[in-house]
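Visitor: how does the following fold in three dimensions:
(2 chains)
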Amino acid sequence: MTRLRPLVHYRSVMCLVVAALALTGCTGGAEPPARVVRFWAMGREGEAVQGLIPEFERRHPGVRVRVQQIPWSAAHEKLLTAFVGGAMPDVFQLGTTWVPELAAIGALAALDTRLATAPSIPADDFFSGSRDANRIGDTTYGVPWYVDTRLLFYRSDLLARAGFDAPPADWRTWAAALTRIKEQAGPDRYAILLPLREWQPLVILALQRRAELLRDDGRYGNFRSPEFRAAFSFYLNFYQRGLAPSAPEGQIANLFQDFGAGFFAFYISGPWNLGELAARLPPELQDDWATAPMPAPGLVAGLSIAGGASLALSRGAREPEAAWELIEYLAEPATQIELYRRTGDLPARRSAWQDPALADNHHAQAFWTQLQHMQAPPKVPEWERIAAKITDYTEAAVRGDLDPDAALTGLDRDVDALLEKRRWLLDRNAHHQEHQRHQVEEIGTPAGAFNPTASRYDSRRGLAAFPQTATPWCPWCSWW
Amino acid sequence: MRRNPGALFVAPALCLIAAFFLLPVAASFLLSLTDFDIYAVADLANLRVVGVRNYVTLLRDPLFWVALRNTVYFVAVAGPLSIIVSLAAALLISATAVRAKGLFRTLYFLPVVTGLVAIAVVWRYLYHPRFGLLNAALGLVGIGPLDWLGDPTLAMPAIILMAVWKNFGFNMVIFIAGLQSIPERLYEAASTDGAGTVQQFWRITLPMLTPTFVFVGVMAVVGNFQLFAEPYVMTQGGPAHSTLSIVLYMYEEGFRWWSLGYAAALALVLFAIVLAVTLLTRLRARNVFGGEAGPATGESAA
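Guide: Numbering: from 1, shown residues only, chains lettered A, B, ... in the order given. Below is the predicted model:
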C-alpha cells in the first residue's frame, strides 16, 4: 500500500498534465496548429462576448479566440502593467477615455490603413463624437465598439405634476422645472441627484457652454474662462438652492429605490441604467420614467460627453491579421445588435439602430438623439487625473469650504502642475523637430531617417474640431 | 582567525532581508529622485532625474499635510482606544466569574479574521444616515440623524470606530496571554496585605503588563500609520479628503496615476516617520515603566 500510493499520485498528475495539454489546444499532429488570438474584454462585455465567439471561429477556421475577462476596476492597471511586462493581448477592449494614455505610451497600433481598406467598416457609419474620441491628431487608435453618453433620466409623473408636459430643452426651463418640483417635494426630497464624486455632469455643462477646458494645446488648465465659470455657477446653483442633496453618495442606499420613491426626479446618467430601471422599478412605475437629451444653454442642441468602449489592436500583437478580423467581426451591425441584446450596450454603428430591438425602444431613442451631439473630453493622457481634481475642487465649493473663485484658481494651479511633464515633452519635441530641420538643411539627412521621439508623442493633440453633424432626418430634433 | 558561527546561522535571514527589504528600499530611494511616470513607462528617455524636487513638492503639497494630519489623528486616537478596549476585554474574559471564556474569546476575535470588505459593507449600512442602525439608536435618545461617512468631521471617527472594533480582538489575545503570565502568588500576597481590587490592578496588573504594553503599543503605532484598507473600502479618502491617509495617498499617486517617483518619495517619508515614532515609543516606554517595575524587578521584589 505505502509503495503504491505515490505511484497513483504520479499517474493522476500525468493524467492532469495530458488533459491540460489537450485543453489548451495541443491536440497533436493531425491538424495544423490553430492561430490563437488573445482578447481581453472587461466586465459584463467580457462575459457576454464569449457567446459571440463561436460564430467568428466558425467563419474563420484555423483561428481560435481566447477571451480573458477582466473586471473594470482592475482593467486600467492591468493594461499598464501588461504593457510594461510585455504581456499585452492581441486585441482588447478599452474605455474611450484611456485611448490618449495608451496611445502615448505606444501600446496601440495605428488603424488608419486597415480602416481605409476595410469596406465592412465605413467610417461615416459611426457616431462622429465617438469616432473622434478614438483619434489622436490624425491617427485612429480604436474602433468604437459600443457607445455611451449621459443624458436626463427623469420621473415624467413628477414633471407633469409640476406643470411641464415635455422634458426641458433649455437651461432656463430646466431650472424652472427643478425649482417647481422641489417646491412640491418638500424639504426631504430633491429635484435632481448629482453625486459629488461624479465629474461628468459639470463637464457636460461646461462643454455645452463651449468652454475650452485646457488651453495652449493642453499645456495649461483653463478653468477660469468665462464659459467654464458660467457652467460652474449654474452647477453650484443646484446645490445652493437645495435642488440637489449635497451629501455625497452615502445618502443614496439604493439608487433605484430612491428614484422609485421620488427622492429625486432627475438624474444624469448613461445607457447602463436603461436595463436596470426596466428591471428594478416596480411595474406600476414603468410608465412614469423617461429619458431626454441634455437641455442646452441656448437654442442649439445640448451636447453631452462621448464615452463608451473601443476595440484596439495591440502594437506588439502576435496575430495582428486574425486579431483585426475579430475587430471587423465585432464591428458588424448584426454582431453589435447581438451584443445589445446580451448586455444593453448601445451599438456604435448607426445602421444597427434600425433594428427593431432599438427602433422600438422609446427609452433608447433619446440616446439616439444625444449620440449625434457628443464631444470627447480633452484628449490628454492626464485627463482622468484632471477629472479627479475637478471633482475635488467642485466638492470643496459645494461644501462651502472654498468660494467658487478660489476653487477655480486652485483647480487651474493643480492642473498646471499635473501638465508640467506634458509641457516639457511638447517643448522638447518641438526643439527636436527644429534641430532636425536644421540638420536637413545643412547636411542633407533625409527627414525621418532617425527620429527617436517623433512617433512617441504627437504635438497636435489639442481639442479636435467640434463635431456638430446633426442628421437632417432625425425626427426628435424638433424638440430643440 | 575564528569565525563566529552565529553569522552562519543568521546568514539566510540576512540574505532574505537584503533581497526583499534593503534592495527595494534602495531602489525606491533612487526612484524617488526621478520623475518616473506614465511617460517614462513608454520610453525611459522621458525620465528626468530631478534630485530632491519630489521631496520639495511633497513639503509644499497641501494634500500631503492633510494626509499626514489624518494619519496622525488616526494613530493618536485609534491606538490608545484600541489598547484600552482590548485590555478591558482581556480583563473581563480573564475574570474568574466569567463562564464560557472560550466562546467569548472566539467571538471577540472573529472580526480580526473576517474579511475587511465584508465588514465594510455591513458597517456602511450601520452608518447609513437614513436607514442605519446607529442613527436609529441615536434617534431613540434624541440625537438627530448624523451623516457618518458623508460629514468630513465625522468620517474619521466613524473609520476609527470600525477599525477599533475590527482589530481589538488581536491585542486582546495578547493581553490575555500577558495576564496569564502574571504569577497568582502576587495577587495572593497583595490580598493578604489588604490591597483591594483597584489597588491590585494599578500596583500589580499594569506594571506586570509593561512588556505587553510595549509590544502592543509599537505594533499599534506601526500598523496604524499604515492605515489604508479601511478608508479605501469605506470612503475612498473622502469626503473632502477627511479620511485620506498617507498610504492611501501613496497608492493613488503610485498605482492609480503611475507617478511612481512621487509615490516613492512619499513612501520613504512615511518610513522615516514610522521609524522615528517607533524609536520614540520604545524610549518613552523604558522611561515610564523600566526603572520602577519591569517584569524582572517585579518578580524579584515579590
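
Visitor: show me what contacts A:His363?
Guide: Listed by Cβ atoms under 8 Å, 6 or more residues apart in numbering or on different chains, the contact partners of A:His363 are A:274, A:278, A:290-291. Where C-beta positions appear, they are placed from N, C-alpha and C, glycine not excepted.

Visitor: which of the three states applies to it?
Guide: helix (DSSP: H, G, I helix; E, B strand; the rest coil).

Visitor: name the residues of stretch B:16-33 that come out as buried.
Guide: Buried residues in stretch B:16-33, counted by 16 or more other Cβ atoms under 10 Å in any protein chain shown: B:28, B:31-33.

Visitor: ok, now stretch B:149-169?
Guide: Neighbour counts over stretch B:149-169 (16+ other Cβ under 10 Å) mark B:149-152, B:154-164, B:166-169 as buried.

Visitor: can you read off the backbone torsions of the closest residue to chain B within the stretch 1-150 of chain A?
Guide: Residue of the stretch 1-150 of chain A nearest chain B, by Cβ to the nearest Cβ: A:Ile105 (3.5 Å). When read as degrees, to the nearest 10, the backbone of A:Ile105 gives phi -90, psi 0.

Visitor: A:Pro381 too?
Guide: Per-residue torsions, A:Pro381: phi -60, psi -20 (degrees, to the nearest 10).

Visitor: just put the buried residues of stretch B:16-33 in JSON lines and tack on distance to chain A, pLDDT and secondary structure.
Guide: What follows is those, written out as JSON lines (distance: Cβ to the nearest Cβ, whole Å; pLDDT from 0 to 100; DSSP: H, G, I helix; E, B strand; the rest coil):
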{"residue": "B:Ser28", "distance to chain A": "16", "pLDDT": "92", "secondary structure": "helix"}
{"residue": "B:Leu31", "distance to chain A": "14", "pLDDT": "92", "secondary structure": "helix"}
{"residue": "B:Ser32", "distance to chain A": "16", "pLDDT": "94", "secondary structure": "helix"}
{"residue": "B:Leu33", "distance to chain A": "16", "pLDDT": "94", "secondary structure": "coil"}
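
Visitor: among the residues you listed, which two are most distant?
Guide: Farthest-apart pair in those is B:Ser28 and B:Leu33; separation 10.1 Å (Cβ to Cβ).

Visitor: hmm, A:Ala322 is touching A:Asp90, no?
Guide: Yes - contact criterion Cβ atoms under 8 Å: A:Ala322 and A:Asp90 qualify, at 7.5 Å.

Visitor: need the overlap of contacts for these two.
Guide: Both A:Ala322 and A:Asp90 are contacted by A:Val37, under the criterion Cβ under 8 Å, 6+ apart.

Visitor: I'd like the next helix or strand past the helix or strand harbouring A:Lys389.
Guide: A:Lys389 is part of helix A:383-399 when elements are defined by DSSP states H and E. Later in the chain than helix A:383-399, the nearest helix or strand by DSSP H and E is helix A:404-418.

Visitor: so which elements touch that next one?
Guide: Counting contacts by 3 or more Cβ pairs under 8 Å, 6 or more residues apart in numbering or on different chains; DSSP states H and E, helix A:404-418 packs against strand A:220-221, helix A:226-240, helix A:383-399.

Visitor: would you point out which residue is most central in the chain?
Guide: In the absence of a named chain, chain A is used. A:Gly307 (2.8 Å; Cα atoms, centre = their mean).

Visitor: I was after chain B.
Guide: Centroid check for chain B by Cα atoms, centre = their mean gives B:Asn224 as the closest residue, at 2.4 Å.

Visitor: quick check: closest non-adjacent residue to that one.
Guide: Nearest non-adjacent residue to B:Asn224, counting by Cβ to Cβ, 6 or more residues apart in numbering or on different chains: B:Val75, 4.4 Å away.

Visitor: what's the answer for B:Gln200, then?
Guide: Distances taken as Cβ to Cβ, 6+ apart put B:Ala190 closest to B:Gln200, at 5.1 Å, once the chain neighbours are dropped.

Visitor: next one: B:Ala177
Guide: Closest to B:Ala177 by Cβ to Cβ, 6+ apart is B:Thr212, at 7.7 Å.

Visitor: surely the residue nearest to the centre of chain B touches B:Gly79?
Guide: Yes - look at B:Asn224 against B:Gly79 with Cβ under 8 Å: they come within range, at 5.3 Å.

Visitor: can you count the residues close to the residue of the stretch 1-150 of chain A closest to chain B?
Guide: 23 (other Cβ atoms under 10 Å in any protein chain shown).

Visitor: how about B:Leu140?
Guide: Using other Cβ under 10 Å, the number of residues around B:Leu140 comes to 8.

Visitor: on that earlier part again, wouldn't the residue nearest to B:Ala177 be in contact with B:Gly178 here?
Guide: Yes - with contact defined as Cβ under 8 Å, B:Thr212 counts as touching B:Gly178 (3.5 Å).

Visitor: buried residues in the lengthiest helix in chain A?
Guide: The helix that spans the most residues within chain A, counting by DSSP state H, is helix A:420-442. Under the neighbour-count criterion of 16+ other Cβ under 10 Å, helix A:420-442 has A:421-422, A:425-426, A:429, A:436 buried.

Visitor: find the nearest non-adjacent residue to A:Thr139, please.
Guide: A:Thr139 sits nearest to A:Ala110 (Cβ to Cβ, 6+ apart), 4.9 Å away.

Visitor: contacting residues around that neighbour?
Guide: Contacts of A:Ala110 (Cβ under 8 Å, 6+ apart): A:139-141.

Visitor: circling back: neighbour count for A:Ala322 and A:Asp90, which is higher?
Guide: Higher neighbour count among A:Ala322 and A:Asp90: A:Asp90, with 26 against 21, using other Cβ under 10 Å.

Visitor: let me see the contact set for the more buried one.
Guide: When contacts are counted by Cβ under 8 Å, 6+ apart, A:Asp90 touches A:37-39, A:313-314, A:317-320, A:322-323.

Visitor: how close does it get to A:Leu313?
Guide: 7 Å (Cβ to Cβ, to the nearest Å).

Visitor: need the CA coordinates for whichever helix or strand A:Ala103 is part of. CSV is fine.
Guide: Assigned by DSSP H and E, A:Ala103 falls within helix A:99-104. This file holds the C-alpha atoms of helix A:99-104, laid out as CSV (Å, rounded to 0.1, in the frame of the first residue of the first chain):
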residue,chain,number,x,y,z
VAL,A,99,-7.1,56.0,-25.6
PRO,A,100,-4.8,59.1,-25.2
GLU,A,101,-2.9,57.5,-22.4
LEU,A,102,-2.3,54.1,-24.0
ALA,A,103,-1.5,55.8,-27.3
ALA,A,104,1.0,58.0,-25.6
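
Visitor: give the other helices and strands that it contacts.
Guide: Judged by 3+ Cβ pairs under 8 Å, 6+ apart, helix A:99-104 is in contact with strand A:135-136, strand A:307-313, helix A:383-399, helix B:38-42.

Visitor: note down every partner strand of the second one and its orientation.
Guide: Using DSSP bridges, the strands paired with strand A:307-313 are strand A:91-95 (antiparallel), strand A:143-148 (antiparallel).

Visitor: I figured A:Ser120 hits A:Glu325, correct?
Guide: No - counting by Cβ under 8 Å, A:Ser120 stays clear of A:Glu325, with 10.2 Å between them.

Visitor: in chain B, where's the longest helix?
Guide: helix B:62-94.

Visitor: quick one, that helix and helix A:404-418 angle?
Guide: Following axes from the mean of the first three to the mean of the last three Cα atoms, to 10 degrees, one obtains 100 degrees for the angle between helix B:62-94 and helix A:404-418.

Visitor: can you pull the buried residues of helix B:62-94?
Guide: For helix B:62-94, by 16+ other Cβ under 10 Å, it's B:63-64, B:66-68, B:70-75, B:77-79, B:81-83, B:85-87, B:89-91, B:93-94.

Visitor: and A:Arg38, what is it in contact with?
Guide: Per Cβ under 8 Å, 6+ apart, neighbours of A:Arg38: A:66, A:68, A:89-91, A:318.
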